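Enquirer: Below is the sequence, then the predicted model.
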Amino acid sequence: MSDQRTALVLGGGGITGIAWEIGVLAGLADAGVDLASADLVVGTSAGSVVGAQVTAGADLEAMFARQLEPPAQEKVARMSRSNLARYGWAMLVSRGRDEDFRRRVGSVALAAEKAGLTPTEQERLDVIGSRLVGREWPDRQLVITAVDAETGEFRAFDRASGVPLLQAVAASCAVPGVYPPVTIGDRRYIDGGMRSTANADLAQGYDRLVVLAPIPRGVGPIASVDAQVTGMVSARVAVVTPDQGARTAIGKNVLDPAARAPSARAGRAQAAEVVERVADAWTG
């Protein structure tokens, strides 16, 4: 096993996605499967928050306990119908051109910020900072995804990129039209989930791969998890998505802090159902 390289991919899924992923990780650890030991961790949106914590050595029990705390003056955000309509229009007019689609949703994000429809960038940095256990990149291999709001270019940030960890995570979580783009250097960045819900293809070449995907399906130019892992014929792969209990706990709004605790508990409960399949991919 010493020459088998492992990768953990943590997908996007809002506040509830963070909670569910932490619950699954804690439940798997209960059963002796330690995914936090992965050689590579890829984090997209919600997954970037979780990935930054586990690679920093955060205690899973402490992370889980924090998800159970009652929301304290946290605002409920949501994806509006007008926002969804703008996404749909961007998909339609981009005609499957991935980068063009991402550029158009980047325009949606910039316009929403200019119109005052989102929190300020500093407010979002403060929120994201409160979720991290540190501001420095870990010594381990952590990759965080984002998209250039003006060009649509996909970026994968890591320690070598020179980008501050806080800004990288905040950018990856910047849902267009809901949260403001994040400034890195002279560029503005939005949610890495605009390319793929998990960007699992960044783990190409690793021997053993586990993907935790709160939102596994893609739509239009946003690639699904299955589409990205199908070609990894040489890897042992396990993809875990919310079961019925978790979907009920998550509810209709993944950005609602009130659903955080139920989502975490549901993830931990689900871990018992998937542990054999995950263990087979990870160590079998």
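Expert: Yep, that arrived.
Enquirer: mind listing the strands for the protein?
Expert: For the chain, the strands defined by DSSP state E occupy 6-10, 40-43, 141-148, 154-157, 182-184, 187-191, 208-212, 236-240.
Enquirer: Show me the contact partners of the longest one.
Expert: By C-beta atoms under 8 Å, 6 or more residues apart in numbering, the residues outside strand 141-148 that reach it are 39-45, 48, 51-52, 55, 102, 106, 153-159, 165, 168-169, 171-172, 174, 182, 184, 187-195, 199, 202. No exception for glycine: its C-beta is placed from N, CA and C like everyone else's.
Enquirer: how about a cut-off of 7 Å?
Expert: Contact with strand 141-148 is made by 39-44, 48, 51-52, 55, 102, 106, 154-158, 168-169, 171-172, 187, 189-192, 194-195, 199, 202, as judged by C-beta atoms under 7 Å, 6 or more residues apart in numbering.
Enquirer: Output the strands of the chain as a markdown table; include the columns distance to residue 62, mean neighbour count and mean pLDDT.
Expert: Listed next are the strands of the chain as a markdown table, based on distance: least, C-beta to C-beta, whole Å; neighbours: other C-beta atoms under 10 Å; pLDDT from 0 to 100:
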| stretch | distance to residue 62 | mean neighbour count | mean pLDDT |
| --- | --- | --- | --- |
| strand 6-10 | 18 | 28 | 98 |
| strand 40-43 | 18 | 28 | 98 |
| strand 141-148 | 19 | 26 | 98 |
| strand 154-157 | 26 | 20 | 98 |
| strand 182-184 | 27 | 20 | 98 |
| strand 187-191 | 27 | 25 | 98 |
| strand 208-212 | 19 | 27 | 97 |
| strand 236-240 | 22 | 21 | 96 |
